[in-house]
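K.L.:
sharing a model prediction with you, sequence too.
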Amino acid sequence: MRLAFFGWVDEDAGSVASGNHVLLETLLQMGHEVDLFGEDGFVDPSPRLQEQPGYTHRLLRQRAVTKLVRSGRAPRSVSMKILNVLTLPLFTRRLRNLVELCHREKPYDVMVFLGLRATCRPAALPLVAWIQGVEVEEARALRRRRRLIIELASVPRYMLYSSYYTFDRLLGKAMTVEADLTLCGSRWSLASLVSSGHDPAKVAIVPYPIDVLRFAPNEEASGGKSASSVAPEILHFGRCDPRKRVDLLLAAFQLVQCHYPGSRLTIVGRPGLLPGIVKIIRGPGVTYTPHVDRHEIPKLLAHADLVVQTSESENFGSAVAEALACGVPVVVGPTNGTADYIDPKSIVFSAYTPRAICDAILAVVDGSSNSVEARVRRREKVVDELSPNAVTHRFLRLVEALVSTAHQRTGNGKQ
């Protein structure tokens, strides 16, 4: 197949961007042709893609707002987000024109938006949108965390954030083109999409692929250590936004320390919408690090007894999936879609309360071995469902069916 892509792709960025990089690399290794469209200086694919036959990086002229952000002269503020959204209509026109030009030279089978809603349909191509989550969920989570945001920022700042999400939703709705197929990472996300008006016949579940060679158990894992003999090492990594409920994790950790006073909690992740949230990340046994290089994450996981993700409205938590690939048990919330892929030793806590999270943490660490052998067994489900080959084949089956249907409608073998 010959596929046109636009969206977030970066080998070392983590989350959706690194998953997309794994997808493209696997498609190329399978012999498919991939054209990745991206704004100059914004999407930086690795040499691992550029060295693959069948890969072409199609550059779009850089916008002034992107130059400002990348130069460091502009803060990553809500005002810059709004400016970014305002420039999207012109940028989308450029994208459509370039895809259509390349399509005339050598036709594509499909156009895929990665991590983004579809904003145009070049040359009447079949259209796939592989989204990060349901847009309205971010706004709902923001409203639920109103008190925390006002406490750490101010009422005017909360109103600014709220206005941004309203503005983004309205403009996004006006700019969004209905995709022929929308992909999401979990059953929870599918249900949320359908409840927000998506046609269930046009929505399918495909999780992000995980590099199971990079994320794997290693000899640094503790030999059978458990909370029954040693206080647990708890790890959280991911963006620190109000929706991620770091405040709840910290409260639950205080309760864990009542059972195991020597427990340690390491939180890794830059602040997102609310920079002031890092002010609350403190306390005995708590360590905060804004960022670690991606190649260091497996080493952190090797020394962790479990990973806890207290997020609300989580489409698919790549940090959780990477922990599972390393054989580390996890604790996740009831609106975390990654619960679809956890192993029997991991737990979905019952409610977003400190006590429920504490009970889940204690149940996991008391009932789990952390030996290398146990970690290897624990990751089997991830290898079966989230490995690059498994996810890419799942993606291809859906896309091939979509393209076949489009060809039948048009009555030709190629667009």
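P.N.:
Received it, and whenever you're ready, just let me know what you need.

K.L.:
now for the host helix or strand of residue 321, which elements pack on it?
P.N.:
Per DSSP states H and E, residue 321 falls inside helix 318-325. Here helix 318-325 touches helix 15-29, strand 233-237, helix 297-302, strand 306-309, strand 330-332, helix 380-386, going by 3 or more CB pairs under 8 Å, 6 or more residues apart in numbering; DSSP states H and E. C-beta: built from backbone N, CA, C; applies to glycine.

K.L.:
which residues sit against the helix or strand following the longest one?
P.N.:
Spelled out, it's helix 15-29. Next helix or strand after helix 15-29 toward the C-terminus (DSSP H and E): strand 33-39. Applying CB atoms under 8 Å, 6 or more residues apart in numbering, the contact partners of strand 33-39 are 1-6, 9, 24, 27-28, 43, 45, 49, 54-63, 66, 91, 95, 98-99, 102, 108.

K.L.:
show me how the record splits this structure into domains.
P.N.:
Split into domains by automatic domain parsing, the chain comes to 2-133+177-209+387-410, 233-385.

K.L.:
and the ones you listed, which is most packed in?
P.N.:
Mean neighbour count (mean count of other CB atoms under 10 Å) peaks for domain 233-385 among the domains of the chain, with a mean of 20.

K.L.:
end to end, how far does it reach?
P.N.:
The straight-line separation of the ends of domain 233-385 (CA to CA, to the nearest Å) is 27 Å.

K.L.:
so how far is that domain from its chain's centroid?
P.N.:
15 Å (CA atoms, centre = their mean, to the nearest Å).

K.L.:
check stretch 377-387 too.
P.N.:
On CA atoms, centre = their mean, the centre of stretch 377-387 falls 18 Å from that of its chain.

K.L.:
ditto for stretch 156-176
P.N.:
21 Å.

K.L.:
likewise stretch 181-196?
P.N.:
14 Å.

K.L.:
contact partners for the spatially closest residue to residue 314 that is not a sequence neighbour?
P.N.:
Of all residues not flanking residue 314 in the chain, residue 336 sits nearest, at 4.2 Å (CB to CB, 6 or more residues apart in numbering). Applying CB under 8 Å, 6+ apart to residue 336 gives the contacts 188, 309, 311, 314, 317, 320, 348.

K.L.:
give me the phi and psi for residue 346.
P.N.:
phi -90, psi 170 (degrees, to the nearest 10).

K.L.:
hang on, it packs against residue 338?
P.N.:
No - at 9.6 Å, residue 346 does not count as touching residue 338 under the criterion of CB atoms under 8 Å.
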